[in-house]
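> 3D, please:
(2 chains, ligands or ions: 2)
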Amino acid sequence: MCATNESGISFVWGIMRLLEGEGLFKSFGGLQVIQGISFSLDERETLGIIGPNGSGKTTLFNLISGYLKPDSGNIIFSGKNITGKGPSDICKAGIARTFQIVRPFVQLTALDNVAAGRSYGREPAKTLKEAQEEASELLRMVGLGNKEHIYAGDLTLLERKKLEIARALATRPKLLLLDEVFAGLNPVEVDEALRLISKIKSMGITMMVVEHVIKVILNISDRVVVISSGSKIFEGPPEDAIEDKKVCEAYLGEKYYA
Amino acid sequence: MKARRDIKTILILVISIVFVGLIPLFIKGEYVLNMLFLLCLYTILSHSWNIMGGYCGQINLGQAAFFGIGALTTRYIWVAGYPFPVALIAGSFSSLILACLIGIPTLRLRAHYFAIGTLGVAMIALITIQNALPGVDFLPASLMSDYNPTIRFYTALIVAALTIFAVYCINNSRLGLAMKCIRDDEEAASATGINVVRYKIITLMLSTFFAGLAGGLFAYYYVSYYYYVPFELMWSFDPVLIVFIGGAGTVVGPLIGALCYVILKEIFAISMGQVNVLIFGVVFILIVLFLPKGLIGIKKR
Ligand SMILES: Nc1ncnc2c1ncn2[C@@H]1O[C@H](COP(=O)(O)OP(=O)(O)OP(=O)(O)O)[C@@H](O)[C@H]1O
Ligand SMILES: [Mg+2]
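Ligands and ions are numbered 1, 2, ... in the order given. Model (predicted):
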């Protein structure tokens, strides 16, 4: 079913498979947080991940981006097994992430925040000057063109989120993991952020998006995976997810049946 | 805007170095030379601490061990008959090697534990030297005959200028950026592809190299001292104080800090003896509380 060409990229029925998680388990002490999740992601696809609070979404991201090692299971990226690699190696391989609670470099300017990604990610810039020039372009793209010399610590939440996206994009990712970019934003800001994500999607970057805001998930995902208590309970088109009975009980139930 | 600020910084640095270099031509006397030498020595030592502490955010309290080993090795090789520059470089590399042996394992410790671990290294080094080499290190007569503090001061000035230049280059490089990212947020740094452990090791090696240079200059300038003196813990704490007075993570800050420190110490040490330690403790607390960015932060505000 799966063939691998010379460049190590595996094809499944002609579609390029970018990421694959096989039987992932993770526990903290006695707490089973990820219980045998398998998933896959094709190139240029946007996969939405939803699930109630504490269901293991961020933990799944931490496994993929190398912040945590799975107890068992494998993560295959571009045909290579990256399980157990450290975060910086995984970033260099082409997976970038943002953090649920933003983590900009607060004592650096917006420009240097993004230049850091350009200096050390995939295909890094050779000099700081080169990195800063490309960083400047990226800042303009996310709408922070006039904030280059502002310290990240002085930016608003929306600006910090945009900055973190720009920093992630600066590492030239093949896959971008976004963890609740929209949380804490007002409706106007949500629309603005949505436009940005659509723009990134149109650039051809594959994305995995954790999100609570249903509107966002319906809007941008090609496919949705629903996680509940560390297990996958649904996978399919986003429209079907909100109809699914199990999903409603586990997740939407909180809101709709309350 | 940025380019103009860079030129201004370079100008300030060049003018201050030249100015310090001119002073002995107009004011003669060993007293002035001693003060100016200390200014250079503290500039180098505090910049060495600044690289690791100010730029990379790793509080290293083991600097005395690296300063001491630099002094010990430089003096040994110099007295053995090698030209001083050879001895100085060898001394710096001995600090760097010590960093690899002892520093790198302690780098696995995080934040406060790293500070305590490195302080432990400095204390062990001090006790070891006190017991192994209890005597006084006299400069042999052959080297005494051409002892000239003026030449020694200018040597220190050149090394200080090179150190400042090196820090300036680091500050404006990809390496410097990685160091600052690690200081701000280690996890975010690794998310941008920075191998945190590797860059901490590189930074520690750079930092200890300059600490070794400072130690070597100490061994070059002072005729005789107890072997343990360059291992004393003040060589760990003084640079921390100086960097915080001037401004951590900046090129100019440690210069300002060193100048203030040399002057204050001269005033307090003469008038109050040992109480000066207490005074510097208070100065440190006040600076951290009210001027967290140091004296240089006043201008930037
Ligand atoms: N490092 C850790 N040590 C112990 N428990 C953890 C750790 N990280 C996460 N957990 C626990 O694992 C469970 C899943 O957490 P996770 O952050 O992955 O959830 P989430 O789906 O991202 O939730 P949210 O929607 O609130 O962000 C929670 O019960 C959490 O308390
Ligand atoms: Mg989460």
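
> Model confidence for the residue of the stretch 1-150 of chain B at minimum distance from ligand 1, exactly?
Relative to ligand 1, the nearest point of the stretch 1-150 of chain B is residue B:110 (15.5 Å; CB to the nearest ligand atom). Backbone N, C-alpha and C define where each C-beta goes, glycine included. What the model reports as pLDDT for residue B:110 is 74.

> any idea how far ligand 2 is from it?
The gap separating residue B:110 from ligand 2 is 24 Å, by CB to the ion, to the nearest Å.

> neighbours around that residue, how many?
Counted with other CB atoms under 10 Å in any protein chain shown, residues neighbouring residue B:110 total 9.

> Show the backbone phi and psi for it.
Residue B:110 adopts backbone torsions of phi -100, psi 140, taken as degrees, to the nearest 10.

> So which residues on the stretch 101-250 of chain A come close to ligand 2?
Residues of the stretch 101-250 of chain A lying near ligand 2 by CB under 5 Å from the ion: none.

> And the helices in the stretch 101-250 of chain A?
Listed in chain order, the helices of the stretch 101-250 of chain A (DSSP state H, counting those that start in this stretch) span A:110-120, A:128-142, A:157-170, A:187-202, A:214-220, A:238-241, A:245-247.

> Need the mean per-residue confidence for the first one.
For helix A:110-120, the per-residue pLDDT values average out at 97.

> show me what contacts residue A:37?
Residues near residue A:37 by CB atoms under 8 Å, 6 or more residues apart in numbering or on different chains: A:21, A:23-24, A:56, A:60, A:73, A:227, A:230-232.

> close to ligand 1, is the host helix or strand of it?
Residue A:37 belongs to strand A:31-42 when assigned by DSSP states H and E. Yes: counting by CB under 6 Å from any ligand atom, ligand 1 is contacted by strand A:31-42 at A:31, A:33.

> Following the chain past that strand, name the next helix or strand.
The helix or strand immediately downstream of strand A:31-42 is strand A:46-50, counting by DSSP H and E.

> ok, back up a step: and the strand holding residue A:37 with ligand 2, contact?
No: shown here: strand A:31-42 not in contact with ligand 2 (CB under 5 Å from the ion), separated by at least 11.0 Å.

> ok, that strand: who's next to it in the sheet?
strand A:15-28 (antiparallel) (DSSP bridges).

> which residues are contacting the strand it pairs with?
With CB under 8 Å, 6+ apart as the test, strand A:15-28 has contacts from A:2, A:9-11, A:32-43, A:45, A:56, A:59-60, A:63-64, A:68, A:70-78, A:95, A:174-175, A:206, A:208.

> what helix or strand does the spatially most central residue of chain B sit in?
Taking CA atoms, centre = their mean, the centroid of chain B lies closest to residue B:45, which sits 0.9 Å from it. Using DSSP H and E, residue B:45 sits within helix B:30-49.

> Only C-alpha atoms, please: export that helix in PDB.
The C-alpha coordinates for helix B:30-49 follow below in PDB (Å, rounded to 0.1, in the frame of the first residue of the first chain):
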ATOM      1  CA  GLU B  30      52.200  53.800  39.600                       C
ATOM      2  CA  TYR B  31      49.000  54.600  41.400                       C
ATOM      3  CA  VAL B  32      47.200  55.700  38.300                       C
ATOM      4  CA  LEU B  33      48.600  52.800  36.300                       C
ATOM      5  CA  ASN B  34      47.300  50.400  38.900                       C
ATOM      6  CA  MET B  35      43.900  51.900  38.700                       C
ATOM      7  CA  LEU B  36      43.900  51.800  34.900                       C
ATOM      8  CA  PHE B  37      45.100  48.300  34.900                       C
ATOM      9  CA  LEU B  38      42.300  47.200  37.200                       C
ATOM     10  CA  LEU B  39      39.800  49.000  34.900                       C
ATOM     11  CA  CYS B  40      41.000  46.900  32.000                       C
ATOM     12  CA  LEU B  41      41.100  43.700  34.100                       C
ATOM     13  CA  TYR B  42      37.600  44.200  35.300                       C
ATOM     14  CA  THR B  43      36.300  45.100  31.900                       C
ATOM     15  CA  ILE B  44      37.600  41.800  30.500                       C
ATOM     16  CA  LEU B  45      36.500  39.700  33.400                       C
ATOM     17  CA  SER B  46      33.000  41.300  33.600                       C
ATOM     18  CA  HIS B  47      32.600  41.000  29.800                       C
ATOM     19  CA  SER B  48      33.500  37.300  30.100                       C
ATOM     20  CA  TRP B  49      30.700  37.000  32.700                       C
END
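
> Run through the strands of the stretch 101-250 of chain B in chain order.
B:136-138, B:224-226 (DSSP state E, counting those that start in this stretch).

> what's the distance between the first one and the middle of its chain?
For strand B:136-138, the separation from the chain centroid amounts to 23 Å (computed by CA atoms, centre = their mean, to the nearest Å).

> Can you list the strands that it pairs with?
strand B:224-226 (antiparallel).

> who in chain A is up against chain B?
Within chain A, the positions near chain B by CB under 8 Å from any CB of the partner chain are A:65, A:67, A:86-89, A:91-92, A:96-97, A:99, A:103-108, A:112, A:115-117, A:119-122, A:124-125, A:127-128, A:131, A:149, A:167-168, A:170-171.

> So among those residues, which ones count as buried?
Using 16 or more other CB atoms under 10 Å in any protein chain shown as the burial test, the residues of chain A next to chain B include A:65, A:67, A:86-88, A:91-92, A:96-97, A:99, A:103-108, A:112, A:115-117, A:119-122, A:124-125, A:128, A:131, A:167-168, A:170-171 as buried.

> Who is the nearest residue to residue A:76 once chain neighbours are set aside paired with across the strands?
Distances taken as CB to CB, 6 or more residues apart in numbering or on different chains place residue A:20 nearest to residue A:76, at 4.3 Å, with adjacent residues excluded. Residue A:20 has the following beta-bridge partners by DSSP bridges: residue A:40, residue A:76.
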